[in-house]
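K.L.:
give me coordinates for this.
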Amino acid sequence: MYAGSLPCCSECLSPGQETSSKMGDEEAKSLPMELSEKGGVENNGFVQNEAFDDKETDTSSQEEMPKTCIIGVNPEATEEPVLEPYAGMPKEVLLKFSSQARYRVTREILFWLIITAAVVLVCATIAIIALSPKCLDWWQASPIYQIYPRSFKDSDMDGNGDLKGIQEKLDHIVNLNIKTIWITSFYKSPLKDLGYGAEDFYDIDPMFGSMSDFENLLAAIHDRGLKVIMDLIPNHTSDKHQWFQLSRNRTGKYTDYYIWQDCMQAGAAIAVPNNWVSVYGNSSWQFDDVRKQCYFHQFGKEQPDLNFRNLAVQQEIHDIIKFWLGKGVDGFSFVAVKFLLEATHLRNEPQVNKSQNSESITAYSELYHDYTTTQVGMHDIVRGFRETMDQYSREPGRYRFMGSDGDEKEDIGATMMYYGTTFVQEADFPFNFYLINMNNLSGNSIFEAVNLWMQNMPKGKWPNWAAGSPNTARISSRFGKEYVSVINMLLLTLPGTPITYYGEEIGMENIASENVTFPEKSPMQWDGQVNAGFTEGTSSWLPVNPDYQSVNVEVQMTWSNSTLSLYRELTSLRNNELPIHRGWMCYVWNDSNVFVYVRELDGLDRVFMMVLNFGQESTIDMQAIVPSLPSVVTIRLSTNFSNTGKAVNTNTIKTEAGEGLVLEYKTGKPVHTMEAFQDNCFVAEKACYSSAFNLLYANC
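P.N.:
Below you'll find the model as predicted:
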């Protein structure tokens with residue numbers, strides 16, 4: 001029997017109702033489906049009679065439809081089954097359950113937890129950003145490698161280095177852990193003064209290649225994650241420059257692009273306007289047969305000075321800056337900027353020796369150059385260059401570096417002015433030539449050169465260091481081979497940006513030849529093959545140093561104790577150790593032999609102490625000088641590789657002539673917190689280390 005609803009049996013009905021029920025059963029058999037749908041009649045599974053006409057059904061018959069009763073069925077079995085959530089439920093069912101308290105409360109809790117977590121995350125991010133120190137920019141984070149392009153690598157066998165040659169050797173720079181390349185002047189030029197008088201600021205000299213070669217080099221540099229700086233010499237041009245040719249003919253706006261003055265010519269003699277002398281000696285005035293006037297030149301007579309009191313000339317230089325930055329160059333080194341302006345009164349410059357016959361003055365050193373260098377308004381021009389460069393620094397990650405030379409042979413204060421002021425930015429730094437210009441090497445002379453810069457540098461500015469350049473004898477030739485590595489150790493462990501002149505990483509020497517004019521510019525020594533791997537041609541523009549078979553990149557890459565291997569270890573140490581990368585520097589000792597300083601970082605108990613010998617064999621008791629120093633420390637690096645990793649007693653630290661030690665130790669009392677050393681400590685971009693979170697923060 002079907003266990004659902006059944007028609008009522010006779011026991012449940014009255015006699016009249018029973019008769020009606022029988023009649024209803026008969027009629028129900030013929031109920032069509034339409035009546036069941038329209039009238040709400042319960043079909044209960046009976047077969048429909050299609051012959052039944054639903055029009056004959058009236059309201060009274062619907063009211064007399066048989067009722068059902070429950071017979072022998074458990075009442076609990078008739079309850080509607082409990083509906084549970086299930087996969088794929090329709091929206092109506094989902095809404096029924098989602099409104100229940102257990103689901104609604106859980107949902108609200110999760111919602112507010114997510115909101116709270118998001119707020120906490122945002123606040124933490126803001127706090128980290130607010131507390132984080134300023135990140136070091138690319139020109140601060142990496143050493144700079146200076147290349148004299150004519151001497152680096154020859155790619156076309158003509159004996160001259162070129163841009164393609166630099167591109168071929170980019171992997172060497174990467175292997176040095178260096179990220180910034182400085183390429184000296186390669187503009188189209190008659191190559192008087194080694195190319196520092198440009199014939200065309202918008203073109204490459206054919207000796208070095210084409211503009212396409214430069215663009216390919218630039219792309220290759222950037223592909224390796226490197227940056228490139230190039231020279232710009234705004235003070236003067238070549239006398240072959242189109243501007244000068246138009247100016248000497250008094251053509252339009254170019255008439256006053258240069259500094260012209262009337263001068264009298266009597267045969268071979270010229271009555272010049274004043275006693276001004278060029279850097280290379282003799283009068284800085286040159287008579288021009290075309291214009292019949294004298295033009296002014298602070299350097300060679302083939303390099304006439306531009307007239308920077310003419311605003312059109314200033315605009316020309318701004319356009320040149322924009323052109324190269326538009327190419328993708330990452331920065332400039334502005335050369336000879338102190339010569340940009342001259343006094344308009346043209347008075348004679350004072351003599352150094354007042355008793356000297358004025359007619360005999362021919363050397364640059366015989367005059368004080370009060371009227372031809374660092375004139376009022378010169379820094380405004382340089383700041384204008386900075387403003388133009390800043391227009392290209394707005395793109396994230398594309399800051400454009402600006403360096404300048406300074407008055408390194410004059411007042412240190414004049415050099416520091418190139419940093420700009422608190423409110424007006426000028427150069428990121430003027431290049432530091434004080435180590436280059438040292439005549440005598442000792443622990444004291446090194447200390448004096450370093451201290452001079454650090455004591456005078458404006459607060460918050462960034463230092464830089466160089467010991468070689470295209471215009472200075474190489475380190476090994478000035479001071480001796482034994483001092484090359486210790487000077488590299490000095491440069492790479494001081495705070496700031498070190499600058500390495502090509503070849504100093506392998507200890508190259510000057511060419512020992514009386515017939516060579518530029519002995520410090522000898523070709524780079526790559527390997528032991530003919531011409532040191534510099535060129536596959538039969539000769540090079542300068543002779544290769546005879547020591548190239550032992551002093552070259554290829555052989556030093558295989559020696560664990562080579563100058564090159566130590567250089568790479570030092571750059572790796574600088575890049576990876578926070579105290580050396582951006583920490584405090586404190587001088588702790590100097591004498592005729594050694595210079596000692598520490599590098600520390602707030603919050604980090606690991607300290608590095610540099611003991612550098614620039615004299616003769618020495619033994620010092622550092623524990624007596626720094627009482628908190630541990631009795632035993634570890635040699636992290638030594639110029640003598642056999643000592644690396646050894647322990648040394650701090651009361652008897654011994655160094656040989658030219659030996660350098662990087663000592664590592666832990667302490668809870670760093671030197672920069674000691675009152676005795678307060679005046680000897682410096683930090684440029686201050687940062688503190690949190691060991692709990694393994695991050696840097698600014699407010700110590």
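K.L.:
kindly provide the distance from residue 161 to residue 168.
P.N.:
Note on residue 161: its distance to residue 168, by C-beta to C-beta, to the nearest Å, is 10 Å. (Glycine included, C-beta is placed from N, CA and C.)
K.L.:
identify the contacts common to those two.
P.N.:
Among the neighbours of residue 161, those also in contact with residue 168 (C-beta atoms under 8 Å, 6 or more residues apart in numbering) are residue 153.
K.L.:
more neighbours: these two, which one.
P.N.:
Taking other C-beta atoms under 10 Å, residue 161 and residue 168 do not tie; residue 161 has more neighbours (29 against 17).
K.L.:
tell me who's in contact with that one.
P.N.:
Shown in contact with residue 161 (C-beta under 8 Å, 6+ apart): 148-154, 208, 523-524, 534.
K.L.:
so how far is residue 214 from it?
P.N.:
For residue 161 relative to residue 214 (C-beta to C-beta), the value is 14 Å.
K.L.:
also residue 261?
P.N.:
Counting by C-beta to C-beta, the gap from residue 261 to residue 214 is 38 Å.
K.L.:
looking at those two, which one has more neighbours?
P.N.:
Neighbours per residue (other C-beta under 10 Å) separate residue 261 from residue 214, with residue 214 holding more: 25 against 13.
K.L.:
ok so that one is a helix residue?
P.N.:
Yes - assessed by DSSP: H, G, I helix; E, B strand; the rest coil, residue 214 belongs to a helix.
K.L.:
please name the nearest non-neighbouring residue to the most centrally placed residue in the chain.
P.N.:
Of all residues in the chain, the one closest to the mean position by C-alpha atoms, centre = their mean is residue 138, 0.9 Å from it. Nearest residue to residue 138 in three dimensions, chain neighbours excluded: residue 227, at 5.4 Å (C-beta to C-beta, 6 or more residues apart in numbering).
K.L.:
is that neighbour in contact with residue 137, as I believe?
P.N.:
No - Residue 227 lies out of contact with residue 137 (C-beta atoms under 8 Å); the separation is 10.0 Å.
K.L.:
quick one: which of the two has more around it?
P.N.:
residue 227 (22 against 16).
K.L.:
so what's that one up against?
P.N.:
By C-beta under 8 Å, 6+ apart, the contact set of residue 227 is 138-139, 142, 179-181, 221, 330-331, 401.
K.L.:
any chance of the residues you listed in CSV with pLDDT as columns?
P.N.:
As requested, the contacts of residue 227 are arranged in CSV below (pLDDT from 0 to 100):
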residue, pLDDT
138, 95
139, 96
142, 95
179, 97
180, 98
181, 98
221, 98
330, 97
331, 98
401, 98
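K.L.:
in helices only, show me those.
P.N.:
138-139, 221 (DSSP state H).
K.L.:
so where's the stretch 251-400 of the chain uncertain?
P.N.:
Under the criterion pLDDT under 70, no range of the stretch 251-400 of the chain is flagged.
K.L.:
and with 90 instead?
P.N.:
Under the criterion pLDDT under 90, the flagged ranges of the stretch 251-400 of the chain are 264-270, 394-398.
K.L.:
could you do the stretch 401-550 of the chain as well?
P.N.:
406-411, 421-423, 439, 460, 512-517.
K.L.:
can you show me the strands along it?
P.N.:
For the stretch 401-550 of the chain, the strands defined by DSSP state E, counting those that start in this stretch occupy 401-404, 429-430, 464-466, 497-501.
K.L.:
adding distance to residue 621 and mean neighbour count, write the ones you listed out as a markdown table.
P.N.:
Listed next are these as a markdown table, based on distance: least, C-beta to C-beta, whole Å; neighbours: other C-beta atoms under 10 Å:
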| stretch | distance to residue 621 | mean neighbour count |
| --- | --- | --- |
| strand 401-404 | 41 | 25 |
| strand 429-430 | 37 | 25 |
| strand 464-466 | 28 | 23 |
| strand 497-501 | 30 | 25 |
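K.L.:
would you turn these into TSV with distance to residue 88?
P.N.:
As requested, the strands of the stretch 401-550 of the chain are arranged in TSV below (distance: least, C-beta to C-beta, whole Å):
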stretch	distance to residue 88
strand 401-404	63
strand 429-430	69
strand 464-466	70
strand 497-501	66
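K.L.:
if we can go back for a sec, any shared contact partners between residue 227 and residue 137?
P.N.:
residue 401.
K.L.:
now do the buried residues in stretch 650-666.
P.N.:
Residues of stretch 650-666 classed as buried by neighbour count (16 or more other C-beta atoms under 10 Å): 650, 653, 655, 658-665.
K.L.:
likewise stretch 628-645?
P.N.:
For stretch 628-645, burial by neighbour count (16+ other C-beta under 10 Å) applies to 629, 633, 635-640, 644.
K.L.:
endpoints of stretch 157-174, how far apart?
P.N.:
Across stretch 157-174, the terminal residues are separated by 25 Å (C-alpha to C-alpha, to the nearest Å).
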